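> sharing a model that was predicted from the sequence below.
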Amino acid sequence: MRMNMILMSVALGLAGCGTMKQNDAPESAASVAPPGRPVIGAGASAAALDQTTAAERAAAAAAKPTGGERALGAAVVALGSPAEQGLWVKSPLVVAPGKGRVVTESGASVAVDLLPGSGAASLSLAAFRALGLGLTDLPEVTIFAQ
């Protein structure tokens, strides 16, 4: 008898789950972002998330080494947060914010802001795109400071 009551309670409880009210927020409300901020979520393309212009990426990729550059070292970089706009690299190799560039093993380079980081190094979405890297790649780059 007790087992029947338990099973009946469970069955009634589960039956009530189907009548629970769903979230009334429209689907598009989940993808609304404050002005000037990219919408991050499922289905958002890299182009939609990257707020840098094609001209900014081209200028960064065209930047040539300057005299007095110094190599900070090599690092394997992962894609950084798409919410953090701009061309930057965060790495423990960087001890103070500054200007510099990263160079891939194939020789492609891009001018970036150098940002101190801890743990694994990360590279901005815009820098990944300027270098022609796949967003799931884990490329090794050499980081140079100006």
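Happy to help now that I have it.
> point out where this protein drops to low pLDDT.
Along the chain, the model assigns pLDDT under 70 to residues 1-44.
> all strands for it, in order.
Remark: strands assigned in the chain by DSSP state E are 70-79, 88-91, 98-104, 109-116, 121-123, 140-145.
> let's have the ones you listed in a markdown table, adding distance to Leu131 and mean neighbour count.
Using the backbone N, CA and C atoms, a C-beta is placed for each residue, glycine as well. Shown next, in a markdown table, are the strands of the chain (distance: least, C-beta to C-beta, whole Å; neighbours: other C-beta atoms under 10 Å):
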| stretch | distance to Leu131 | mean neighbour count |
| --- | --- | --- |
| strand 70-79 | 10 | 16 |
| strand 88-91 | 11 | 24 |
| strand 98-104 | 6 | 19 |
| strand 109-116 | 5 | 21 |
| strand 121-123 | 8 | 24 |
| strand 140-145 | 8 | 19 |
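> wait, which of the ones you listed is closest to Ala130?
strand 109-116 (4.6 Å; C-beta to C-beta).
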